[in-house]
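Q: Need coordinates for the below:
(chains A and B)
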Amino acid sequence: MNINGLFAHSLTDLIRGIRQNKKNEQGYIAKEIADIRLELRRNDPDLKAQAIAKLTYLQMMGYDMSWASFHVVEVMSSPKFLYKGIGYLGAVQSFNQETDVLMLTTNLIKKDLASSNASEIGIAINGLSHILTPDLARDLCADLVAMLNHSRPIVRKKVLLVLYKVFLKYPEGLRLSFSRMKDRLEDPDPSVVSAAVNVICELARRNPKNYLSLAPQLFKLLTTSSNNWMLIKIIKLFAALTPYEPRLTKKLLPPITTLIQTTPAMSLLYECIHTVIAGGMLATTGSGSNAESANMLAATCVTKLRTFLEDPDQNLKYIGLLALTKILPTHPYLVAEHKDIILKCIDDPDISIRMRTLDLIVGMANKKNLTEIVKRLISHLLPINENEVNTSSSLDNGAATAALMDPTYRADIIRRIIFICSHNSYANITNFEWYLAVLSDLTNIAGVNVGESLMQQFMDVGVRVKSARSYTVQLMMRLLADKKLTEPTRPEDSNSMVLLAAAWLTGEYCALLESPETALELLAQKSTAKLDPAIQATYLQTMLKIFAYWMNSLQYSWDEEARHSLVEMVDLLREGIKDMFSRSPDLEVQERASNISVILDIIAEHVPRTPLKIGNSISFAPTMPKPPALLGSLFPLFFNQELNPVAPKAQKKVPVPEGLDLESWIHEPVPEQEPESSDDDDFLNERQSRWGEEAVSGKSKKKGKKGRDQEDTKESAEAKAKRKAERRERQKHDPYYIGGSSDSPKSQKKSQDDLDVDSIPIVQLSMDGFAKPIVMRKKDKSSKKKSKRRERSRSPPVIPVEFAVEEMPEDATLSASEDESSKKAQGRGGFNGSNGRGILDQDTSALHEVDLSVPVGEDEHLPRAKPYMKPEEVRQYEDELAQRRRVEALQVKKDSKKSKKSKKESTGEGEEEKKKKKSSKKSKTKEEPLIILEAPVAAKSPTPERPRSAEPPAPVEAVAPEEPKSKKTSKTSSKTKKSSTTKSSTTSKKSPKAPVIVAFPERSNIELALDDNIALTYDISLAQVSLDAPTTPGAEPESEPTVSIQFKVHNRNLTEPISSIRATLADSFDVRLGGAQAGEDSVRLLTSSIEPQSSASMTMDLLILGRVRYELQVMGTLFYEVNGHEESIEYNFAVPPSSFMLAIPRLTGADFSKILTEQLEAFSATGSATVQLSSGTTGQDEVFWDAVEKITKEVTHTHVVEVVDGAASFFGQSWQGYQVAGLIKVNKGADTDGSGSKTIEVEMKCTDQTFVDGLAKEVLDVEVY
Amino acid sequence: MIKSVLIFNNHGNPRLTKFYQPIDIATQQALIKEIFQLISKRPDTVCNFLEGSQMLGGQDTRVIYRHYATLYFVFVVDESESELGILDLIQVFVESLDRCFENVCELDLIFHFKEVHDILAEVITGGMVLETDIGDIVAAVQEAGKLAKKPTGLLAQKSPF
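A: Okay, the predicted model is just below:
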C-alpha cells in the first residue's frame, strides 16, 4: 500500500488515525500494522525508524511487536541519535529475556556506551537496564565499571543504577566491582552519591551483612546530608543493617531522634519512626542513658504516629496504619494504645484505609474484644439505615456506600470474620452459640456468595462442638426452611451452599430434632430440585437418614396413628424423590435417588396397608400390636457408630510396623506435593509443643482397623499407660476433642471410658470431658497450664507414618482438605491476598550468594576489563583490530598455501600453484594414489581454532599468526569450548587416518555406483584453483568455482584386473570439466590397471557454471575394460551448496553481531529447517550439541560462533562470497509426548536466497541427528 | 524498586506503560485494566494508595497513584521505596513534564509519546530513582533533545515525526 516511503504514515498520522477511527479501531490498526510490515521490509532507515516508533506506540495499546525485534536492533544501530532512541525504546518496551536478537546487541551497546555524548550513553544505559541478559551483563560489566569514573556525573549515576541490574544477572560482577562502587559514596556530586546509596540499599535488602563495613560512611552521610530522598534510603539501609550489628543502634539513636524531632518532611519522619520500630531500636535494653533515650524515643514515636492517624490527610492516615501493622507482631502494646483511633478508622469512607485497619484489627483480636470487633465488622455489611441503629459510629459519608456494596469488600469482611473467629482453633471464641448465630446472620446479609466458607464453618463447629449441637440443629432447621436460601432470587449471590451443611447436620444429629417429620417435609419440598446437585445429593442422603431414625422411633409407640403416618411419609418421600431427583441429570443425585426409591418401595410393600387391629379392649391395658421388624431395619445403616473427630496428628501416632522401611521408595518418586505443614503457619508454633491436641481435622467412623492392633501390642505397656494418661489430661481441657458424651442418646450405649488410641489408632479417638460448661473449661485450663506444658514436653516422640489414603474414611479426607484449603485462603493473620511472588517481582536470589567479606583475589577480574577509552580511541582501536584481522586473514591464506607448498616441496614439487596442482595429482597418483585425497583438503584448512591439543602440533605453526587473535577472543573460545571439544573428538573419530587438520570433514566415500566388477565412490571438495576466489563479501566472483571430485574405483572382481578406466561427463549447462582437464572429454585413470580387490583414485575437476543450488546434478559414465571387454557404468550425483563453503577464521560473537547489524540489508535471504533429534539414551544436551556439531561442521560447513543454553549461532562464507549466519535452537514445547524426542530449528540468513535454500534442504536431508 | 510506571486517562486508555521487569504483553494489558477499574471507583478525597489488586501479588507490592485532571499516574513499587517519597516523585515527574511541554495536557502525552519516555528515563532508570531535582531532569532532557534535533542528512529535509 504505502510502498512509497514519502506517503507512509508517520507516528502522528497513526495516532490521529486511531483517534479518528474509534469505531473501527482494531480494523484500522490491523491495516496500519500491515503497512508497517511493508515499511520494515524496505531498506530505508527513516521508514524503519518510523515503523518501529509506530509499533512501540501500538505496543502500549496491547499489540504485540515481538515479531519485529530484529528490526528494532537495526534501528538501535542507527547512527542518528533520534532513531537510536526509537530503537532503544522499542527494545525496552518489547524485549524479554528470551528475545534471541539480544545476542546481537552486545557490540552495539558497547559502542554506544563508549560514545562521547552523555545523552547517547544515557539511552544505551537506560535501554540496557531493561534488556540485560546474563550474557550482556557479563560482557558489558567491565565497560560499565570503567565508566564509574566518567567525567559527567549524569553518566556516573546512571551507570551506578544499571550496575545493580547487571549484578542481578551476573552476581560475580558484584564482588569484582564493589570497591569501585563504594568509592562513589564519596563522589563530589550529591546525586551520584544518592544513586550509590540507592543501589547499596537495594543490595543490602538481599544480604545486609555484606554492607556492614559501609556503616561509617553512611553514618557520615546521615548526619551531614540534607537530601531527604537520600536520607530516607540511608535510614532504610540502616534498618536492614542494625539486626546484624546491634552496636549500630546506640550510634544511630541520637541522629535519628534529632531527625524525628526536627524534620518537616513527613516522609522522612515516617521512615525514621518506621525504622526505629521495625529495626528493633526500641527493644535495646541498654544501661543508663541509652535505655533512657530509647524510652524517650519510643514515647516520641508513639505520639508522632498518633498524629499520622489523626491527620486529615488520608495518605498519612494510611501509612500510619501501615506502620502499625508492621509493628503489631513485635510491639502489640504500642498498637493497643491506639485502639480507640484505630477503631475509628475502620469506619473511614476510604476503602484502602479500611482494609489496612482491618489488617490491624484482625491481628488485635482476642477473647475479650472479639465480640465487639465482629459486631463492628458485621455492621459494615448491614444496610446503612440499619447500621445507624445498631452502631454508635455510623457511616455518614455517602461515598462509602458504594464501597460497602462492593462484593470483594463484603467477601473480604466475611472472610476476616471467619478468620478471627476460627483462628487458632477457635481460641478466641467463648460462646459457640453466639458464633453460630453470627454465621447464620452472615448467611442472610452477605450479599455475596461466601456459601462455601460458611458451609465449612457450620460443619466444622457442628461436628466439633458437642455442647452447641442441639442449637446447631435448631439453627439448621431454620436455614432449611429459609425461603431466601431454598428459592433464591439471585442464585449466584445467595449462600445456598450452607444448605448442604444444614442438611447434613440435621441428618447426622437428627436425634436432636424436635420434629423429624418437619425436617423430612422440608427436604422433600419442590424447590429442592433447583439447588446445586451436591446439595441435592446431601438432601437425599439426609432424607433417608432422618427417615431411618424416625421409622425406628415408631417402634416404641406403634399404633394405628403411627402406621398411618408411616404410610403417608413413605408415599410423600417416594413421590418427592420420583418428582425431583430420579431424572436428575446429575449422576450422583440420580443414583442416590434410585437407591432410596428402591428402599422406600420395599418398605412400602411391607408396611401394613390395612388399619391395625387394636388388641382386646376388655383387657386392662390394651396390648399394642407388635411393631413390624421392618421399622428398625434401616437404623443400623446410619446410626450404629457415631462420627468423631480425629486429631490431625492421630495418623502420625501410628507406630511403624517392624520391617517396614518408610525411607525407601516403593516406586519412582513422583513430583512431590507441597507438604501439608507449609500452608498453615498459624499452627506452626503450636505444632512443636502441642503436637497432639490441635483441632481435629478429620472424622472417622469407629470401625477399627484390626490389623494395627497387633502391631501396637509390641509397645511397652508402661509407655502406653503414660501416654494414655497424658492424653486424657490433655483431652480433658481441649474443647476441640469431642468424645462420646452423655447428651446424645445414641451414644449412650457406648462405654464412657476413654478408648485406647494406642490399641486402635486413628478411629477410636473418643474422649470424655468436653461436655463441661465452657467457662469451667477455661478456668481449668489456666490453672493447669503449667503442668500441662511440662507434660507436653515429655510427649512421646512422634513417629511419622506415610499417609495411606485408602485407609482413611472418606469423610476424613474430605474434611481435612477443606481445612487445609480454608487455611490456605486465610494465610497468616492477613488478608492481603498477597502471598508468594508478585507478577512484577524480580528474582534476586543470585545476590544472596555473593560474599563481599572475602577480598577480591588477584586472579579475579572482570572479563575483558580494559581501561575506559574515549570514543575516538575506541574507534581507532576497532579500526586497528579490523585491519589486523584483515592482515591475519591474508596471512592465514598465504600460510596455508605455504604449508601446502612446503608439503608439496617435500614430495619434490614446487611449481606455480594452479599448474602444480594438476601435476602433483598426476605424479602422486602414480606413486601413492591415496595420498592425493588429502591434498585439496589441506588446502582449505586454515582455521584459527586449529591449535588443539588433540591434534598433532605441526600444523599449528601454519596458523601461528592467528594465535594472538584467538587469545584476544578468549571469551568466545571459552564460550564455544563445549562445541570445540566435541568437535575435536568427532574429527579424530571420523578421520583417523588423516593427520591434516580440516575445517570440516569431507564428504568422503559416498557410494555412487556398483556393478559386478567395480564399486565407485567419490569425495567432493572445493578445488584448489577456486581458493583464489573473491573473499570479500558481496563481490562478484571473477570466475566460476571448481569442485574436485575424487573418484575411487574399487575392483570387486576376484580374479581379473580392470584397466582403461575413464570417466566422462554428460553434457550440462551447469558443469563442465575444468581445471587442468578443461577441454577434454573424459578423465582417465592413469594407472594402467587395478588389481583384483584393490582400489585406485582419480580426480575430476568440475567447473560449476550454473547457479549453485540444491540439486545441481552431475551425470556421466565410467568406462572400463575387464577381461578384454569394455564395460560401462552410469553415475550421477548432486553438488551440494555446502561444498562451496570456505574454511574461514572463526568469528567472535562481537564480530558476528557486528556483521549482522552493520550489513543487515545484505542478509535478506532466509532459510530454515526443522530437524528431529534422535531420542537416544544420551542426555538431551549431548544430543543437541551433537546435532549442532553435525549441522554446522558436517552439513553446512559453517562454524559455531556463540553458544548459549539451548541455542547456538553459526557463521560461514562461501567461495562466491555468500555469507550465512544462522541460529540453531531447541524447539521448546516440542517434547509433548514425553518420548524425549525433540526437534530443533535451524534458521539461516544469507546474502543469496538460492544458496540458503539449498543449505536448508541439505540440513533437512540428513536423517539422523 | 519501582516495578512499573503507568499513565492512563479517565477512560483507562494507556498513555504510557513502563515495566521494569519483562512481562508479557497480555499480562500488561490485563494489569492496566485491573488497576484502572480499581482506581476509577475511587473519589479524589481518598488516599493515594490502591489496594485490592488480585493480579499483582507479592508480599510488599504497593500501588501509589495521583490523579491530575484527565490522567492517572500510577507507580507500582515494593517495600524499599518510601510511600510518601513516591508520591513526591510522581509530583516531580509531572512537574518535569510540565516544564518540558509547558502546561502539559493529555494531548502532549499522546503525541509526544517518545519524549514522555525520555523524560521518565531521566527520573527513573532500571526501576531506581535517578534524579529528583526537576532542574537537572529538564536539563538532561533538553540536552538530549538538542542532539535529536540536530539536522543530519535526510532527516533534515524529511522528518517522519
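Q: Would you mind listing the buried residues in stretch A:464-481?
A: A:464-473, A:475-477, A:479-480 (16 or more other Cβ atoms under 10 Å in any protein chain shown). Glycine gets a C-beta too; all of them are placed from N, C-alpha and C.
Q: Looking at these, which one is closest to chain B?
A: A:Leu479 (30.7 Å; Cβ to the nearest Cβ).
Q: so how far does stretch A:1209-1222 reach from one end to the other?
A: 6 Å (Cα to Cα, to the nearest Å).
Q: And stretch A:1140-1148, by the same measure?
A: End-to-end for stretch A:1140-1148, by Cα to Cα: 22 Å.
Q: Report the backbone C-alpha coordinates of the helix or strand B:Val63 falls within in PDB.
A: Secondary structure assignment for B:Val63, by DSSP states H and E: strand B:62-68. What follows is strand B:62-68 as a C-alpha-only set of coordinates in PDB (Å, rounded to 0.1, in the frame of the first residue of the first chain):
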ATOM      1  CA  ARG B  62       2.200  -1.200  46.600                       C
ATOM      2  CA  VAL B  63       0.300   0.800  44.100                       C
ATOM      3  CA  ILE B  64       0.600   4.500  44.600                       C
ATOM      4  CA  TYR B  65      -1.100   6.900  42.300                       C
ATOM      5  CA  ARG B  66      -2.000  10.500  41.700                       C
ATOM      6  CA  HIS B  67      -4.900  11.900  39.700                       C
ATOM      7  CA  TYR B  68      -4.300  15.000  37.600                       C
END
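Q: Tell me the helices and strands packed up against that strand.
A: helix B:25-40, strand B:49-50, strand B:71-77, helix B:83-101 (3 or more Cβ pairs under 8 Å, 6 or more residues apart in numbering or on different chains; DSSP states H and E).
Q: Name the residues that touch the third one?
A: With contacts defined as Cβ atoms under 8 Å, 6 or more residues apart in numbering or on different chains, strand B:71-77 is touched by A:840, B:1-10, B:15, B:35-36, B:39, B:50, B:56, B:61-67, B:86, B:89-90, B:93-94, B:106, B:109.
Q: quick check: angle from that strand to helix B:25-40?
A: 120 degrees (axes from the mean of the first three to the mean of the last three Cα atoms, to 10 degrees).
Q: Which positions within strand B:71-77 qualify as buried?
A: B:71-77.
Q: of those residues, closest to A:Asn207?
A: The closest of those to A:Asn207 turns out to be B:Val77 (Cβ to Cβ; 21.1 Å).
Q: how about the nearest residue to the closest one, chain neighbours excluded?
A: B:Ile2 (5.0 Å; Cβ to Cβ, 6 or more residues apart in numbering or on different chains).
Q: Give me the neighbour count for that neighbour.
A: Using other Cβ atoms under 10 Å in any protein chain shown, B:Ile2 is surrounded by 23 other residues.
Q: still on that earlier bit, give me the buried entries from the contacts of strand B:71-77.
A: So, by 16+ other Cβ under 10 Å, the buried ones in the contacts of strand B:71-77 are A:840, B:1-9, B:15, B:35-36, B:39, B:50, B:56, B:61-67, B:86, B:89-90, B:93-94, B:106, B:109.
Q: Going along the chain, name the helices of the stretch 201-350 of chain A.
A: Taking DSSP state H, counting those that start in this stretch as the test, the helices found in the stretch 201-350 of chain A are A:215-224, A:228-241, A:247-262, A:266-278, A:289-310, A:314-327, A:332-336, A:339-345.
Q: which strands and helices sit next to the last one?
A: Going back to what we said before, that points to helix A:339-345. Using 3+ Cβ pairs under 8 Å, 6+ apart, helix A:339-345 sits against helix A:289-310, helix A:314-327, helix A:351-364.
Q: need the helices of the stretch 201-350 of chain A in a markdown table with mean pLDDT, can you?
A: What follows is the helices of the stretch 201-350 of chain A, written out as a markdown table (pLDDT from 0 to 100):
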| stretch | mean pLDDT |
| --- | --- |
| helix A:215-224 | 91 |
| helix A:228-241 | 89 |
| helix A:247-262 | 85 |
| helix A:266-278 | 84 |
| helix A:289-310 | 77 |
| helix A:314-327 | 85 |
| helix A:332-336 | 77 |
| helix A:339-345 | 83 |
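Q: The helices and strands packed on strand B:62-68 into CSV, with extra columns for mean pLDDT and distance to A:Val101?
A: Converted to CSV, these look like this (pLDDT from 0 to 100; distance: least, Cβ to Cβ, whole Å):
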stretch, mean pLDDT, distance to A:Val101
helix B:25-40, 92, 17
strand B:49-50, 88, 36
strand B:71-77, 94, 28
helix B:83-101, 93, 31
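Q: on that earlier part again, closest one to chain A out of the buried residues of strand B:71-77, please.
A: For the buried residues of strand B:71-77, the nearest to chain A is B:Val76 (6.0 Å; Cβ to the nearest Cβ).
Q: how much space between that closest one and A:Ala1162?
A: 44 Å (Cβ to Cβ, to the nearest Å).
Q: Over to A:Tyr244?
A: For A:Tyr244, the distance to A:Ala1162 - Cβ to Cβ - is 58 Å.
Q: what's the answer for A:Glu487, then?
A: 76 Å.
Q: Report the contact partners of A:Gly87.
A: Counting by Cβ under 8 Å, 6+ apart, A:Gly87 has contacts A:49, A:52, A:72-78.
Q: Could you do A:Met60 as well?
A: A:93, B:14-17, B:113.
Q: Okay, and which of those residues map to strands?
A: Taking DSSP state E, the ones among the contacts of A:Met60 that sit in strands are B:14-17.
Q: hmm, back to that, which pair in the contacts of A:Met60 has the greatest spatial separation?
A: A:Gln93 and B:Arg15 (13.6 Å).
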